[in-house]
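A.B. asks: Task: produce atomic coordinates for the following.
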Amino acid sequence: MSHPAPYPVRLADEITRQLGQLSDHLSQLPPPQAAQVIARVLDPDNGVLGGITHLVATSSMFAKNQAEQGALPAEVWLALGRASNELGNISLDLDEHKDTLQRVGTQPAATVAKAPAPAPLVVRRHR
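C.D. replies: Numbering: from 1, shown residues only. Sure thing, here's the model as predicted:
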């Protein structure tokens with residue numbers, strides 16, 4: 001007889017399932033609603049990205065303690081630390097666009113219906 005997964009494991013599974021649902025919904029939403037959802041997801045303080053960043057940072061601290069005790073290789077802690085730092089940087093980069101997304105998400109339908117002027121796509125690489 002298998003034992004049920006502990007609550008935190010079930011919670012992680014449920015959050016993963018709900019993120020998949022949110023992605024499915026996002027692809028079907030009209031642009032103003034999609035912009036509202038994206039702005040909330042990217043909110044560095046109260047959004048999904050901020051929550052994930054905090055979760056990875058907490059995981060890094062756990063891995064550091066475990067590495068110091070010899071239970072995990074130091075590489076695990078270092079990888080989680082790098083991931084936490086990268087997510088933090090990404091969050092800061094995206095935060096500068098939050099106001100634009102919120103503005104698009106609150107425009108009246110008549111304003112949104114007008115086709116925006118095409119903008120050249122620019123790729124920025126950080127390294």
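A.B. asks: and the residue lying closest to residue 39 once chain neighbours are set aside, what does it touch?
C.D. replies: In space, and not counting its chain neighbours, residue 39 is closest to residue 101: 3.8 Å by CB to CB, 6 or more residues apart in numbering. Where C-beta positions appear, they are placed from N, C-alpha and C, glycine not excepted. Residues in contact with residue 101 (CB atoms under 8 Å, 6 or more residues apart in numbering) are 35, 36, 38, 39, 42.
A.B. asks: Next one: the last one relative to residue 85, how far apart?
C.D. replies: When CB to CB, to the nearest Å is the yardstick, residue 42 and residue 85 sit 18 Å from each other.
A.B. asks: Repeat that for the fourth one.
C.D. replies: The spacing between residue 39 and residue 85, counted by CB to CB, is 24 Å.
A.B. asks: Between the two, which is the more surrounded one?
C.D. replies: Each of residue 39 and residue 85 has its neighbours counted (other CB atoms under 10 Å); residue 39 has more, 21 against 14.
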